[in-house]
Each structure stands twice: as structure tokens, then as C-alpha cells.
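K.L.:
Fold the following, please.
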Amino acid sequence: MSVESRILVVDAGNTSIKFTAFEGEKVLWVQRGDSCPVETGFAPEVIYFASVRSKEQSALLHADVQAEFPSSEWITLTSQATACFVRNAYIEPERLGIDRWLGVIAAHHLIKGDAVVVDAGTAIKVDVVNREGVHLGGYIAPGLAMMTESLLSKTARIRFDSHEVVEGEGLPNSTARAVTEGCHEMALGFLERIHHLYPEFKWVVTGGDAQALLNRLGIALECFPNLVALGAKLVGDEQLRGNK
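P.N.:
Here you go, the predicted structure:
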């Protein structure tokens, strides 16, 4: 059981902030935005805060959310050597991105077996955790949008409009297709290589691009859109119990 009933998880990613409200173990609602949703009638007893943003950006967001819920207890989540029966592979555990750490913990508890965890958003992050709860390590690669933006920003003549991005057969025959399909192939090759290394592991995915990419490879998977929030709930509850 949860230590507290009403929990708000604030997951501050590189490009968006995700707010997840829990009543006990039930997810009441999930919202994305630049600021805290205040017209929900939900008053959290505790806020679990996980951010991969800079210290300055995190501090500003912290202040904004705390201003909306001044009476809520606050727990900032950081990556640790161990949490919730999972052991971090990093020599310096705190340097593992908190989003990756929470995803690994959630996957371990959801799957209860060997798992490859894929979070494909701004970046494509892959982590591997075995059935004993040992995080084996992982990878970070540019996401699809990041790869495309890198090409456009570093070249003078690779240009196209969004309406030019259309599906086609065979080798790409336009700049739009050349870039978008080329970036897809790079991401697919990266993920396919990992699948060859860990063919028997269950694949757990989250992030906007993960399911579409892996479906193209025909890899069996379980999709959890709220994976990071579920991990935050586990870790936050454990810390809260320790504080009581």
C-alpha cells in the first residue's frame, strides 16, 4: 500500500513536462504542459519530482509547482546505487538520468524477468535489467526529431517542408523521404542490433516513437506510456516509508 493516498508525479523531460496524479495505486489523470495543471480539483499530499533539466530550470519548475501546492510534502527523486530491489550499473549512480533509472525500476517490477527498456522521445534510451534486478547498463542515441534537426542545422541545402514528408515505396526519391526514412533506418538498425544481443529479454517500451519503431522490427513488446511515473511512484513511496 502507498504511504499516502494522493500523489502527484512531476516528470520534467528535455522537451515536455508530464504530470501524473495517483489516488492510491490508481492513475487518475495524466497531463502534459509547461506549467502545473491547477484546475483539476486534485490536491496532492505528496509531490514526487523527477527532472533531467538543468539545475536552474528544475529550480524554477519546483518553485512554480510548490506555489500551487504549498502544503504538499515534496520529495526530489535522484538516481541511487540501489532502490526498490534494483541495483544501478553506473559507477557514479547519480549520473544515470533519473528518467532512465525510474524506467528500469518500473520495468523490473512490471515484468519480473529479464527486460530491455526502451524510451524513445527526444533521445532514444535503452537500458537492460535482469530478473535479479541488476541494471546491466544501457545506451543513449539521438531521437528521430533530433537526428532530423541535426541534419537541417548542419547543412546548407538539405531542406524540405512538412507537407513533403509522405510515405513511398522503394528507395527515397525526395529530400524529405531521404532524411526522414534515413533517420528511421538508423534508429531501427540500432534497436535491431540490441535485439540480436538480448533476443530472449522482454521488451518494455515508452515514449512517443518507441512502439512504432519496434513494430516495424516485429519485436514483441509491452507498452507502458506512464513507465517513468510508475517508477517514480515506487521510488517515492519507498523513500516516504523510510522518512516515516
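K.L.:
what does the average pLDDT come to for the helix ranked longest in the chain?
P.N.:
Counting residues, the longest helix found in the chain (DSSP state H) is helix 175-197. Here helix 175-197 scores 91 as its mean pLDDT.
K.L.:
other SSEs contacting it?
P.N.:
Helices and strands touching helix 175-197, by 3 or more Cβ pairs under 8 Å, 6 or more residues apart in numbering; DSSP states H and E, are strand 115-120, strand 123-129, strand 135-142, helix 144-154, helix 210-217. C-beta here means a position set from N, CA and C on the backbone, and glycine is covered the same way.
K.L.:
Of the ones you listed, which stretch is the most buried?
P.N.:
Most buried of those by mean neighbour count (mean count of other Cβ atoms under 10 Å) is strand 115-120; its value is a mean of 27.
K.L.:
what's in contact with the helix or strand where residue 47 lies?
P.N.:
Following DSSP states H and E, one finds residue 47 within strand 46-51. Residues outside strand 46-51 that contact it (Cβ atoms under 8 Å, 6 or more residues apart in numbering) are 3-4, 6-12, 57-58, 61-62, 65-66, 69, 72-77, 98-99, 102, 228, 232-233, 235-236, 240.
K.L.:
and that strand, which strands flank it?
P.N.:
strand 6-12 (parallel), strand 73-76 (parallel) (DSSP bridges).
K.L.:
Redo these as TSV? Include mean neighbour count and mean pLDDT.
P.N.:
Formatted as TSV, the strands paired with strand 46-51 follow (neighbours: other Cβ atoms under 10 Å; pLDDT from 0 to 100):
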stretch	mean neighbour count	mean pLDDT
strand 6-12	24	96
strand 73-76	16	96
